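Q: starting from these lines, generate the structure:
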Amino acid sequence: MPAGGLRKVPLEDLLSRDRNVPGVVSVMPKVCPGAKCGIRTPVYRDLTGDGADELIVAVDDPGTAITVVVVYRADGKTVRPILISYGQLGLSGETLGRDLVLTWAGPSGEYITRRYRWNGKGMAPYRQDDEPGRPASSPSSPSSPSSPDSASRPSSPSSPSVAPEPPRSARPDPRPTP
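A: Residues are numbered from 1 along each chain as shown. Below is the predicted model of the structure:
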């Protein structure tokens, strides 16, 4: 990890080396670097409560009509994704304390909002009724959305790298779901 942490890691290098993100995202920096490719300005926030900022990057892909949001965390000399989420093109995000809130327009024009919170391993879907001391949800309540697991393999201790997630038999469908 370079001195200065995630702020000094070249975003284009990070995205092009990350085997966890969809191919269309990893090739964007090579094909046409910069904002014209849909790579938004990165945002740095401490989402884990450890005092160090995580890197939040959103990439818009008009070809698939989706926006991909990736949250990266530095751990020693390794950089790994702790959240990869997809939404309708134009998805917006904001932080609320240490939570990440993503909102996009659904297929019928309704807004879909997902809130994620650090659980010690990754950014997990969060609902207020998941808090201790709150009454349990009724069976008719909607369930939490699922998100890709961002487990990682060890990487070389000599240089910063993106730790890939283990192979899966099926990758998540990048299209938003209602």
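
Q: can you list the buried residues in stretch 72-89?
A: Going by neighbour count (16 or more other C-beta atoms under 10 Å), the buried part of stretch 72-89 is 72-74, 78-89. No exception for glycine: its C-beta is placed from N, CA and C like everyone else's.

Q: and which of these is nearest residue 18?
A: Nearest to residue 18, judged by C-beta to C-beta, of the buried residues of stretch 72-89 is residue 81 at 6.6 Å.

Q: so where's this structure uncertain?
A: 1-2, 24, 26-36, 128-178 (pLDDT under 70).

Q: so which residues of it form strands?
A: Remark: strands assigned in the chain by DSSP state E are 43-45, 54-61, 66-75, 78-88, 92-96, 99-105, 111-118, 123-125, 161-162.

Q: can you put those in CSV and add distance to residue 5?
A: As requested, the strands of the chain are exported to CSV (distance: least, C-beta to C-beta, whole Å):
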stretch, distance to residue 5
strand 43-45, 9
strand 54-61, 9
strand 66-75, 6
strand 78-88, 9
strand 92-96, 18
strand 99-105, 19
strand 111-118, 17
strand 123-125, 18
strand 161-162, 15
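
Q: of those, which is nearest residue 22?
A: From those, taking C-beta to C-beta, the stretch that ends up closest is strand 66-75, at 6.3 Å.

Q: surely residue 111 meets residue 101?
A: No - at 11.3 Å, residue 111 and residue 101 do not qualify as touching, with contact defined as C-beta atoms under 8 Å.
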